[in-house]
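Novice: Next comes the sequence, and after it the predicted model I'd like to discuss.
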Amino acid sequence: MSDTGDPRPSAPVAPEDADRAVLARVSAGELHALDELYERYRTMAYSIAYRITADETLAEDVVQEAFLGAWRNAGRYIEGRGSVKTWFLSIVHHRAVDAVRRRRPTTELPEREDLPPQALTLPDIWPEVAGRLDRDEVHAALARISDVQREAIELAYFSGLTQQEIAERTGTPLGTVKSRMRLGLLALRRTLVGEDGRGFGREEPRWADR
Amino acid sequence: MNDLHAIVTDLAAGFVLGALTPDEERLVREHLASCPEPHAEFAELGGVIPYLAEAVEQIEPPASLRDRIMAAAAADLAARSTAAPSRPEAARPEPDAGPQRSGGVTPFPTAAQRAERARRRSPLTRVASLAAVLAIVALGAWNVTLQRDLEATRGYERGLSAVLDVAARPGSQTAILTPQSGAGPTGLAAVGPDGSVAIVMRGLAPTAGSEVYEAWVIGGDGTPVPIGGFSVGSAGTATFTADRTPATAGVTLVLTREPRPGALTPTMPIISLGTTPSS
């Protein structure tokens, strides 16, 4: 195999850059690169898929579909519109939500197009944040927002309900659900990111220890 | 600010949380792709999402998931490189293509057909073949396992190690055996530098009575040379090995079903076939 002897770069490479390099090789059809991508994101992907589907088999299928989606459509990732991690996370999330929506007999939703999203982050960059914060800090931030905001966000993101379904489930007007999701996210953002929206930890890169 | 712009802005939180219907989502995407105004709220709200994912309890997937994914990707790669025509022999005769063959007399597959197969074996195809080997190894074991057929699983695994033993020798080559079209028995063959051949197959119909599957080697002169036969039980898997065959680089390996052992000319149709790389 020609790529077993890759010289390791001596200087630490930002994970975003390393991710993009791996994805470029995935796009070129390198199985080895897909394996690397899998190594990097299998835990994140499976954890979120399992959290949403609450079913091991379904979660495995979701993760498989997501990696194969990335394998076939790596070219659709657009640099400059968010990190590979965020892009891939959005693929996994979409697949998982599709899986639970399909399972819910009450939902009558048309199939989504069977392609991973374009870099979901149109038109701006979602700053790369994950991995820079302790999970406890995120839990603490979640605990600090109001119960109804947290409920709306969790029903949306982790239960795969549409905002309309959340309104029906909680007996709340749709406009109120939208506000709760929006205000909840903004409150989380203030706690986690800071008022000015800067300081996503870029000053203090922690990738050097990988 | 027009109405659509306001509507899309109103959908921002639902969009980043994945809480829109597919129609709403499409509306947002299309608008964002064309809207000259900035939609800062999408970045603002979306930046929080990775934190939510981070908050989830981290669970390792089972180790088998990697094999499944890699095998599926390998199969995908193999399919990609040979995708274009599903029945190239019939659809695209290319009499002038490929290396010169000394006009084979047997119509089984014709020289043009074999040349076509060889021509399609570009360097990329060769990489893909390696991938396909992985795919067959992993997928085969996986599918057989799914059938919970212990006999088949063990038989297939034994056969795989026999083939991989030959394939691991320096100078050996591998071939993927597939039906000429559609679904059917598939397998993996390895040809050693000394002409030894090992083949593992699955999905074969069981043989009855004196019936056998016969393996043939077709070299440069286009004449099929029988190298041995084997019978198949209900598991549908089979392993075949032979030493000192005329098999070398660039030969085609073919399986046919014969009414009895010892056939000197093959009985059509071809059950499965594959070609080793030509150098």
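Specialist: Alright, I've got the coordinates.
Novice: Pull out the buried residues from stretch A:172-179.
Specialist: A:172, A:177-179 (16 or more other CB atoms under 10 Å in any protein chain shown). From N, CA and C alone the C-beta is placed, and that goes for glycine too.
Novice: Adding pLDDT and distance to chain B, write those residues out as TSV.
Specialist: As requested, those are exported to TSV (pLDDT from 0 to 100; distance: CB to the nearest CB, whole Å):
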residue	pLDDT	distance to chain B
A:Thr172	96	13
A:Val177	97	8
A:Lys178	97	6
A:Ser179	97	8
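Novice: Out of the residues you listed, which is nearest to A:Ala28?
Specialist: Distance to A:Ala28 across these (CB to CB) is lowest for A:Lys178, with 41.9 Å.
Novice: so what does the helix or strand encompassing that closest one touch, helix or strand wise?
Specialist: Using DSSP states H and E, A:Lys178 sits within helix A:174-193. Helix A:174-193 is packed against helix A:135-144, helix A:147-157, helix A:163-170, helix B:12-16, helix B:40-46, with contacts defined by 3 or more CB pairs under 8 Å, 6 or more residues apart in numbering or on different chains; DSSP states H and E.
Novice: Any part of the longest one near chain B?
Specialist: Yes: where contact is defined by CB under 8 Å from any CB of the partner chain, part of helix A:147-157 touches chain B, namely A:153, A:155-157.
Novice: mind giving me JSON lines with those residues and columns for pLDDT and neighbour count?
Specialist: Converted to JSON lines, the residues of helix A:147-157 next to chain B look like this (pLDDT from 0 to 100; neighbours: other CB atoms under 10 Å in any protein chain shown):
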{"residue": "A:Ile153", "pLDDT": "96", "neighbour count": "27"}
{"residue": "A:Leu155", "pLDDT": "96", "neighbour count": "22"}
{"residue": "A:Ala156", "pLDDT": "96", "neighbour count": "28"}
{"residue": "A:Tyr157", "pLDDT": "95", "neighbour count": "26"}
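Novice: Go through these and say which is closest to chain B.
Specialist: Chain B lies nearest to A:Ala156 out of these, by CB to the nearest CB, at 3.7 Å.
Novice: any idea how far A:Gln163 is from the closest one?
Specialist: Distance, A:Ala156 to A:Gln163, by CB to CB, to the nearest Å: 7 Å.
Novice: re earlier: deepest of the helices and strands packed on helix A:174-193, which one?
Specialist: Highest mean neighbour count among the helices and strands packed on helix A:174-193 (mean count of other CB atoms under 10 Å in any protein chain shown): helix B:12-16, with a mean of 27.
Novice: For that helix, which outside residues touch it?
Specialist: If you take CB atoms under 8 Å, 6 or more residues apart in numbering or on different chains as the criterion, helix B:12-16 is touched by A:156, A:162-163, A:178, A:181-182, A:185, B:19-20, B:24-25, B:28, B:39, B:41-42, B:45-46, B:48-49.
Novice: ok so, going back, mean pLDDT for the helices and strands packed on helix A:174-193: which is lowest?
Specialist: Among the helices and strands packed on helix A:174-193, helix B:40-46 carries the lowest mean pLDDT, at a mean of 85.
Novice: Where does the prediction get shaky in chain B?
Specialist: B:1-2, B:74-151, B:167-170, B:278-279 (pLDDT under 70).
Novice: now the helices for it?
Specialist: B:3-10, B:12-16, B:22-34, B:40-46, B:49-54, B:63-81, B:88-91, B:111-120, B:123-146, B:150-167 (DSSP state H).
Novice: Show me which positions of the helix holding A:Lys178 end up buried.
Specialist: A:177-193.
Novice: quick one, what contacts the closest residue in space to B:Thr186 that isn't next to it in sequence?
Specialist: Among residues not flanking B:Thr186 along the chain, B:Thr178 sits closest, at 5.2 Å (CB to CB, 6 or more residues apart in numbering or on different chains). For B:Thr178, the contact set (CB under 8 Å, 6+ apart) comprises B:184, B:186, B:272-274.
Novice: Look up which residues are beta-bridged to B:Thr178.
Specialist: Beta bridges link B:Thr178 to B:Leu273 when assigned by DSSP bridges.
Novice: Tell me where chain A has helices.
Specialist: A:15-27, A:31-53, A:56-73, A:84-103, A:135-144, A:147-157, A:163-170, A:174-193.
Novice: elements contacting the shortest one?
Specialist: Okay, so that is helix A:163-170. Using 3+ CB pairs under 8 Å, 6+ apart: helix A:163-170 touches helix A:147-157, helix A:174-193.
Novice: In contact with the spatially most central residue of chain A, which residues?
Specialist: By CA atoms, centre = their mean, chain A has its centre lying nearest to A:Leu89, at 2.6 Å. Residues near A:Leu89 by CB under 8 Å, 6+ apart: A:44-45, A:48, A:130, B:49-50, B:53.
Novice: swap in B:Leu253?
Specialist: B:175, B:177, B:189, B:191, B:197, B:199, B:215-218, B:247, B:273-276.
Novice: Identify the bridge partners of it.
Specialist: B:Val217, B:Gly274.
Novice: will you turn the contacts of A:Leu89 into a markdown table that also has neighbour count?
Specialist: Output for the contacts of A:Leu89, formatted as a markdown table (neighbours: other CB atoms under 10 Å in any protein chain shown):
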| residue | neighbour count |
| --- | --- |
| A:Met44 | 21 |
| A:Ala45 | 29 |
| A:Ile48 | 28 |
| A:Ala130 | 21 |
| B:Ile49 | 25 |
| B:Pro50 | 27 |
| B:Ala53 | 22 |
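Novice: how about stretch B:229-238: buried residues?
Specialist: Result for stretch B:229-238 [16+ other CB under 10 Å]: buried residues B:229-230, B:232, B:235-238.
Novice: Tabulate those residues (JSON lines), appending distance to chain A.
Specialist: As requested, those are exported to JSON lines (distance: CB to the nearest CB, whole Å):
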{"residue": "B:Gly229", "distance to chain A": "36"}
{"residue": "B:Phe230", "distance to chain A": "32"}
{"residue": "B:Val232", "distance to chain A": "31"}
{"residue": "B:Ala235", "distance to chain A": "26"}
{"residue": "B:Gly236", "distance to chain A": "26"}
{"residue": "B:Thr237", "distance to chain A": "25"}
{"residue": "B:Ala238", "distance to chain A": "28"}
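Novice: I'd like to know which of these is nearest to B:Pro61.
Specialist: Nearest member of the buried residues of stretch B:229-238 to B:Pro61, counting by CB to CB, is B:Thr237, at 28.7 Å.
Novice: quick one: that closest one and B:Arg158 touch, right?
Specialist: No: counting by CB atoms under 8 Å, B:Thr237 does not reach B:Arg158; the two are 9.1 Å apart.
Novice: helices or strands next to the least confident helix or strand in chain A by mean pLDDT in the packing?
Specialist: Ranked by mean pLDDT, DSSP states H and E, the weakest helix or strand in chain A is helix A:15-27, scoring a mean of 85. With contacts taken as 3+ CB pairs under 8 Å, 6+ apart, helix A:15-27 sits against helix A:31-53, helix A:56-73, helix A:84-103.
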